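[1] Have a look at this fold, sequence not included:
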């Protein structure tokens, strides 16, 4: 399989996982009466799985962490914000609505990050054609929410 097809397939599966994660964690939060406790459980399981993968594939990289710019660690805050917010909001706002706005935020942020090459990402200018494609994607996502 060509590398780009492999990458696309993995990211497609990750995309499938986002609403599943949101739905499962929101249900857990509802059942136990605490979105924060449900998020903590999710993070403990995620930490365990990630620790096992790290130890199996390259624990030496852990020594390099203290040498990295501190702003690169904000990803942890952002993932906590996402999980806490989707776990709390999805049962009240609807999973589809919650994921819809997450997707809109992802489209906008990805376009800005790519355009400016932020955080070492590959530069992909925001041309009119690309902006039109993103707008079309956003419109498509919006159409999925119409009753």
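    Cool, got the structure. Since the model is a prediction, treat every value here as computed from it, not as a measurement.

[2] next SSE after the longest helix anywhere in the chain?
    Longest helix in the chain by number of residues (criterion: DSSP state H): helix 3-32. Sequence order places helix 35-57 as the next helix or strand after helix 3-32, per DSSP states H and E.

[3] Show me what that next one is in contact with.
    Outside helix 35-57, the residues within contact range by CB atoms under 8 Å, 6 or more residues apart in numbering are 21, 25-26, 28-29, 32, 61-62, 80, 83-84, 87-88. Where C-beta positions appear, they are placed from N, C-alpha and C, glycine not excepted.

[4] Quickly check the residues you listed for the two that are furthest apart.
    Maximum pairwise distance in those, criterion CB to CB, is 35.0 Å, between 32 and 61.

[5] ok so, going back, any idea how far the longest helix of the chain is from the middle of the chain?
    9 Å (CA atoms, centre = their mean, to the nearest Å).

[6] Skipping adjacent residues, who's closest to residue 99 in space?
    Excluding its sequence neighbours, the residue lying closest to residue 99 (CB to CB, 6 or more residues apart in numbering) is residue 19, at 5.1 Å.

[7] And for residue 125?
    residue 115 (5.9 Å).

[8] Centre of the chain to stretch 98-117, how far?
    On CA atoms, centre = their mean, the centre of stretch 98-117 falls 10 Å from that of its chain.

[9] Any buried residues in it, and which?
    98-100, 102-103, 107, 111, 114-115 (16 or more other CB atoms under 10 Å).

[10] again, but for stretch 85-100
    Per 16+ other CB under 10 Å, stretch 85-100 contains these buried residues: 85-91, 95, 98-100.

[11] what's the span of it, first residue to last?
    With CA to CA, to the nearest Å as the measure, stretch 85-100 spans 14 Å from end to end.

[12] tell me how far it is from the chain's mean position?
    With CA atoms, centre = their mean, you get 14 Å for stretch 85-100.

[13] tell me the mean pLDDT for it?
    If you average the pLDDT over stretch 85-100, you get 91.

[14] before we move on, the earlier item: neighbour count: residue 32 and residue 61, which is higher?
    Taking other CB atoms under 10 Å, residue 32 and residue 61 do not tie; residue 32 has more neighbours (12 against 9).

[15] roughly how far apart are the more buried one and residue 41?
    Using CB to CB, to the nearest Å, residue 32 is found at 9 Å from residue 41.
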